[in-house]
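Chemist: here is a sequence together with a model predicted from it:
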Amino acid sequence: MPDAPAVETVAASAVPIVSSAAVARQAGRDKRVRATPLARRIARDKGIDIQLLSGTGRRGRIEKEDVLAASGNTLPKGDIQFVELGRGRVAYSDQGSKDAPTFLLLHGFSGDRTTWSGIASGLRRANFRVIAPDLPAHGLTTIEAGHIDQLSDFLSEFLDALSVKNVHVVAHSLGALAATEFAQTHAQRVSGLTLIAPAGLGSEIDASFISGMANATTAGEVTHLLRRVAAKPVELSPELAADFARTMSKGRLKALAETIIGSSGQRIDIITSLDKLLRSMSVRVLVGLQDRIIPWQQVTSLPPSASVHFFAQSGHMPQWDQTKDVLDLILSSTGEADD
């Protein structure tokens, strides 16, 4: 097999090639990895094998944030900010200069702003402003939502509250539905879309994961379900798993789950919307070839003008499994990716 980049960029109708570079990178984990002393100490204290992590620092160096993300920890409390909107309070992180070009990061179903910690820290180090909210019905945000258009309306109100006029949106899974709707109704505010493992490209989905998370009440249920989301093991401490289960047991996600899935699978289709958006802005779609939640093959339904990128060593969350590769791809559109 010819040597090729670990991340392929092809037309939507093409079939991905798993490159030897991706295999070489996996084998290279047996060698000493680049990591800051603090990252090594935290990994050692938490019992994390640092050789299994992807780094977001320069030339793939593992930073403190990468270890914390792998351990399932949240961002430091000081990084949480709140803003009051008409329907309730929004929890979010906001890093970087307010004068810098801005990325808006939208998490997936049952996630929160902390799922972006590695990507957010890398974008901040590249001198971008990075905003990551807890979406309605998620995390510490008190606003509820049962429909995708409510998420889109929320984004407009949220950005208005922060006086942010224009963003590049990076969205994962459920977040891609909200991002696409928002970009279609507020095109002047969106400079580009990067969609990671997006919902809305076909009917097939692991409905048991969506309904399971929406109805989870115990730490065991949460831990079992989270094993499906990434190619790398998702390790939660017993305390964090119990806290996650308490959050899920409130039932805040049940209405959204019913909006997303039905007896025939996914209810929402964003392909027509993306076809229209591609006439005025760049759209990138990233998928993991080990995705167990949404089949990566659904990208073949995308318009040919969409840029599609395949990650051989990733599951449903390439931003966790191949953090540095995803970060470099996001930065490549800005000319800031590391050599």
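Modeler: Arrived safely, thanks for sending. Numbers count the residues shown, from 1 in each chain.
Chemist: low-confidence stretches in the chain?
Modeler: By pLDDT under 70, the weakly predicted segments of the chain are 1-32, 45-47, 49, 52, 54, 56, 58, 65, 69-78, 335-339.
Chemist: strands of that one, residue ranges please.
Modeler: 7-10, 81-85, 88-95, 102-106, 129-133, 167-172, 190-196, 261-262, 265-266, 282-288, 307-311 (DSSP state E).
Chemist: between these, which one is nearest to Thr334?
Modeler: strand 167-172 (8.2 Å; Cβ to Cβ). Where you see a C-beta, it was placed from the backbone N, CA and C, and this is true even at glycine.
Chemist: give the pairing partners of that closest one; include direction for each.
Modeler: strand 102-106 (parallel), strand 190-196 (parallel) (DSSP bridges).
Chemist: and the contacts of it?
Modeler: Strand 167-172 has contacts (Cβ atoms under 8 Å, 6 or more residues apart in numbering) with 101-108, 111, 115-116, 119, 131, 159, 178-179, 182-183, 189-198, 317, 319, 330, 333.
Chemist: next one: that strand to chain centre, how far?
Modeler: 9 Å (Cα atoms, centre = their mean, to the nearest Å).
Chemist: now do it against strand 282-288, angle only.
Modeler: On the basis of axes from the mean of the first three to the mean of the last three Cα atoms, to 10 degrees, strand 167-172 is oriented at 20 degrees to strand 282-288.
Chemist: tally up the residues packed near the closest residue to Arg89 other than its chain neighbours, please.
Modeler: Take Arg89 and drop its neighbours on the chain: the residue closest to it by Cβ to Cβ, 6 or more residues apart in numbering is Thr142, 4.7 Å away. Residues near Thr142, counting by other Cβ atoms under 10 Å, number 17.
Chemist: how much space between Thr142 and Phe109?
Modeler: To Phe109, Thr142 is 18 Å away according to Cβ to Cβ, to the nearest Å.
Chemist: and what of His309?
Modeler: His309 is 22 Å from Phe109, where distance means Cβ to Cβ.
Chemist: what of His316?
Modeler: 10 Å.
Chemist: kindly report the same for Arg40.
Modeler: Distance from Arg40 to Phe109, by Cβ to Cβ: 33 Å.
Chemist: compare the two (neighbour count), which wins?
Modeler: The neighbour count for Arg40 versus Phe109, taken as other Cβ under 10 Å, is higher for Phe109 (23 against 15).
Chemist: which residues touch the nearest residue to the more buried one once chain neighbours are set aside?
Modeler: The shortest distance from Phe109 to any residue other than its chain neighbours is 4.1 Å, reached at Leu174 (Cβ to Cβ, 6+ apart). Leu174 makes contact with 107-109, 135, 199, 256, 260, according to Cβ under 8 Å, 6+ apart.
Chemist: tell me the one among these nearest to Ala230.
Modeler: The closest of these, once distances to Ala230 are taken by Cβ to Cβ, is Gly108, at 11.8 Å.
Chemist: and which of the contacts of Leu174 is nearest to Ser273?
Modeler: Ala199 (12.6 Å).
Chemist: isn't that closest one up against Ile260?
Modeler: Yes. Using Cβ atoms under 8 Å, Ala199 makes contact with Ile260 at a distance of 6.6 Å.
Chemist: those two - which one has more neighbours?
Modeler: Ranked by neighbour count (other Cβ under 10 Å), Ala199 and Ile260 place Ala199 first, with 30 against 24.
Chemist: rewinding a little: just the strands paired with strand 167-172: most buried one?
Modeler: Ranked by mean neighbour count, these are led by strand 102-106 with a mean of 27 (mean count of other Cβ atoms under 10 Å).
Chemist: how far off strand 88-95 does that strand point, in degrees?
Modeler: Strand 102-106 and strand 88-95 are oriented at 130 degrees to each other (the same axes, to 10 degrees).
Chemist: ok, back up a step: quick one: the contacts of Leu174 as TSV, columns for distance to Val164 too.
Modeler: Shown next, in TSV, are the contacts of Leu174 (distance: Cβ to Cβ, whole Å):
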residue	distance to Val164
His107	18
Gly108	22
Phe109	24
Leu135	16
Ala199	25
Leu256	24
Ile260	27
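Chemist: which other helices and strands contact the lengthiest helix in the chain?
Modeler: Longest helix in the chain, counting residues (DSSP state H): helix 148-161. Contacts defined by 3 or more Cβ pairs under 8 Å, 6 or more residues apart in numbering; DSSP states H and E place helix 148-161 against strand 81-85, strand 88-95, strand 102-106, helix 174-185.
Chemist: and it, C-alpha only, in PDB?
Modeler: Written as PDB, here are the backbone C-alpha positions of helix 148-161 (Å, rounded to 0.1, in the frame of the first residue of the first chain):
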ATOM      1  CA  ILE A 148     -33.200  21.000  16.700                       C
ATOM      2  CA  ASP A 149     -34.500  24.400  15.700                       C
ATOM      3  CA  GLN A 150     -34.500  25.300  19.400                       C
ATOM      4  CA  LEU A 151     -30.700  24.500  19.400                       C
ATOM      5  CA  SER A 152     -30.200  26.700  16.300                       C
ATOM      6  CA  ASP A 153     -32.200  29.600  17.900                       C
ATOM      7  CA  PHE A 154     -30.100  29.200  21.100                       C
ATOM      8  CA  LEU A 155     -26.900  29.600  19.100                       C
ATOM      9  CA  SER A 156     -28.000  32.900  17.700                       C
ATOM     10  CA  GLU A 157     -29.100  34.300  21.100                       C
ATOM     11  CA  PHE A 158     -25.900  32.900  22.700                       C
ATOM     12  CA  LEU A 159     -23.500  34.600  20.200                       C
ATOM     13  CA  ASP A 160     -25.500  37.800  20.500                       C
ATOM     14  CA  ALA A 161     -25.000  37.800  24.200                       C
END
